[in-house]
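>>> attaching a predicted model along with its sequence, questions to come.
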Amino acid sequence: MKRGVYKKGYVRVSGGHELYYELYGNPDGIPVVFVHGGPGAGFTARHRKFFNKDKHNVLFFDQRGAGKSRPFASIKNNTTSRLVEDMRKLIKHFFGKRRVYLMGGSWGSTLSLVYAIRHRESVKGMVLRGIYLATKEENKHYAGGGVGKFFPEVWEDAVKITPKKYHTNIVKFFYKQNKSKNKKTRHKYAYAWTFYELCIAKLKFDKKKCRETMKKEPELWKAMSPLETHYIAHNCFLPENYIMKNIKKIKHLPVSIINGRYDMICPPISAYKLHKALPKSKLFLTIAGHLRSEPANHTVLAKEVRRLCK
């Protein structure tokens, strides 16, 4: 039997949203849920390569406002708790009472952790990459100048289009511009925000390649910027340090933690803290930056999916 995407479509959820999904692999295989990053990045066919289509039954879905989900780039009724509710609905619908593995990177690691904390009875294990614990400290590093110590020219480009009073927290300004009624204004700042992120995402900085990516994938920056700034501006709709304060609830789960040692978006200290709090976790600090596609990250991710999700 030929394996691949065997089912796809939309599931209606609360608040006027419809989520696009695909089921990939073996319908009778090991259930895995892929949790994309951003918020707003969506999933692509490239994410399938981590899974064995004969052994795994993988649920891919675009979160609210992301990818092919509708309405596109919408921040209305878009919160962490709503996303967790969506995941629970999808998992129950497609996998029933079977426990699932979660694979998530960056924001996907955050959402996976929050889901596991709230619905640990339905989770069998996790493979997480680029750990983001949704704390004010991490947000300050990313949007308050910490990145500028390592990528000063990229940070300078980001702050020079913002008023000086926002230079210690640029997310507030970009969030405001992303809600502008003027389409040109929204697109200008959406592009600038995502370009900033792409430029610091890889171990090797290449502004030309960042521009090429932005040109090829305009839907990416049109969704990521409004959704990311919406979430960061609201501290991801979570109490401060929520994940680590509740981490004991999932200490029994096996978790693979992969983080680039030179990740400027999600510095490895968060991965290390998470590892120390989870007795059954394994930590891999790679010679890489943030992106899943970087060779060192990709190799370990593929290996850990094979090892854990069986």
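Everything's here; your move. Numbering: from 1, shown residues only.
>>> roughly how far is the helix or strand containing Tyr115 from the heart of the chain?
For Tyr115, the element it lies in under DSSP states H and E is helix 107-118. Relative to its parent chain, helix 107-118 has a centroid offset of 10 Å by Cα atoms, centre = their mean, to the nearest Å.
>>> now Lys53, nearest residue through space, not along the chain?
Arg3 (3.8 Å; Cβ to Cβ, 6 or more residues apart in numbering). Heads up, the C-betas are built off the backbone N, CA and C, glycines and all.
>>> ramachandran angles for the one you found?
When quoted as degrees, to the nearest 10, the phi and psi of Arg3 stand at phi -100, psi 150.
>>> what helix or strand does Trp191 sit in?
You called it Trp, but residue 191 is Tyr. Residue-wise, Tyr191 maps onto helix 183-199 under DSSP H and E.
>>> sorry, that was for Tyr262
Using DSSP H and E, no helix or strand contains Tyr262.
>>> that one against Ala288, yeah?
Yes. When contacts are counted by Cβ atoms under 8 Å, Tyr262 is listed as touching Ala288 (6.8 Å).
>>> any common contacting residues for those two?
Common contacts of Tyr262 and Ala288 (Cβ atoms under 8 Å, 6 or more residues apart in numbering): Leu203.
>>> who's more crowded, these two?
Ala288 (25 against 17; other Cβ atoms under 10 Å).
>>> export whichever strand or helix holds Tyr20 as CSV, just CAs?
If you go by DSSP H and E, Tyr20 is part of strand 18-25. This file holds the C-alpha atoms of strand 18-25, laid out as CSV (Å, rounded to 0.1, in the frame of the first residue of the first chain):
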residue,chain,number,x,y,z
GLU,A,18,-11.4,26.6,10.8
LEU,A,19,-8.2,24.6,11.0
TYR,A,20,-6.6,22.9,8.1
TYR,A,21,-5.1,19.4,8.7
GLU,A,22,-3.4,16.5,7.0
LEU,A,23,-3.0,13.0,8.1
TYR,A,24,0.2,11.4,6.9
GLY,A,25,1.6,7.9,6.9
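>>> name every strand pairing with the helix or strand following that strand and say which way it goes.
Downstream of strand 18-25, the first helix or strand assigned by DSSP H and E is strand 30-35. Strand 30-35 pairs in its sheet with strand 56-61 (parallel), strand 100-105 (parallel), by DSSP bridges.
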